[in-house]
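In: the following comprises the amino acid sequence and a computationally predicted model.
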Amino acid sequence: MAVKKEEPKKEERKPEAKKPENFGTEVYIESAKALRTAVPRIALTVGAAILIWIFGNLIFMPIAEGIEFMGYPVPEIISFIIVVALAILILTIFADIRHLTSGLAGVLAFEIGKAAGEARVESYEHYKIALNGILYVVIVSLSFLLFSGYLARIHSAIPAVLLIAIVIWSIFALWRSCKAIAAEIGRSAAKAAEELEKRVKK
């Protein structure tokens, strides 16, 4: 007599394959904390950068026009000092942006995942990549507007070279963000199609 194979084992493996990676309330709380700390720090740094630009452009540069220090034009020296100060501030903003995007990604993954019935670690990573790319491009583009005038006073070719580099980098950063968003849209579309297929079969 032929011995029948035990089929229940296959059914027992199915729940493991479909087990979702869930976020708990701890992740949501940590994300909310990151937002509360990052947002005020970014606002403060941006405010300081804008004030430095305003005072430099409207007060210090007009005063320095026509003055030399040891044979060097003072406007160029002041421009260099302001560029260094703004660069330091922008670098600190980048560090805070990472905390901001982590917080936003965590909140989005939890809230959207809760509505969809599951919050996934993969979704969190996708949201983080997308937000990082978009926010970095926005910050770098706005920073260039602050830097360009002072860089042109140091050397007229510097803003042009920097702008070309920013455009090339921005294209790659935005493409990476779009890929991350497309991955989430594709997953949601596949899930919706699967649910629709189940309804049709019923």
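Out: Nice, thanks for sending it over.
In: out of everything not next to it in sequence, what's closest to the residue nearest the centre of the chain?
Out: When Cα atoms, centre = their mean is applied to the chain, the residue found nearest the centroid is N132 (1.5 Å). Spatial nearest neighbour of N132, excluding adjacent residues (Cβ to Cβ, 6 or more residues apart in numbering): T101 at 4.9 Å. All C-beta spots, glycine's among them, are computed from the backbone N, C-alpha and C.
In: give me the number of residues near that neighbour?
Out: Neighbour count of T101, defined by other Cβ atoms under 10 Å: 23.
In: please apply the same query to the one 3 residues further on.
Out: The burial count assigned to L104 is 20, neighbours taken as other Cβ under 10 Å.
In: contact partners for it?
Out: By Cβ atoms under 8 Å, 6 or more residues apart in numbering, the residues touching L104 are 31, 35, 127, 131.
In: so it versus G133, what's the distance?
Out: Separation of L104 from G133 (Cβ to Cβ, to the nearest Å): 13 Å.
In: coming back round to it: pull the most distant pair out of the contacts of L104.
Out: L35 and Y127 (13.4 Å; Cβ to Cβ).
In: which of the two has more residues huddled nearby?
Out: Y127 (22 against 18).
In: following the helix or strand of the chain with the lowest mean pLDDT, which helix or strand comes up?
Out: Ranked by mean pLDDT, DSSP states H and E, the weakest helix or strand in the chain is helix 8-17, scoring a mean of 42. Using DSSP states H and E, the next helix or strand after helix 8-17 towards the C-terminus is helix 25-55.
In: check which helices and strands that next one sits against.
Out: helix 74-116, helix 121-154 (3 or more Cβ pairs under 8 Å, 6 or more residues apart in numbering; DSSP states H and E).
In: save the ones you listed as CSV, and put in mean pLDDT too.
Out: Converted to CSV, the helices and strands packed on helix 25-55 look like this (pLDDT from 0 to 100):
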stretch, mean pLDDT
helix 74-116, 80
helix 121-154, 84
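In: okay, those in a markdown table with distance to V39 next?
Out: Formatted as a markdown table, the helices and strands packed on helix 25-55 follow (distance: least, Cβ to Cβ, whole Å):
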| stretch | distance to V39 |
| --- | --- |
| helix 74-116 | 7 |
| helix 121-154 | 12 |
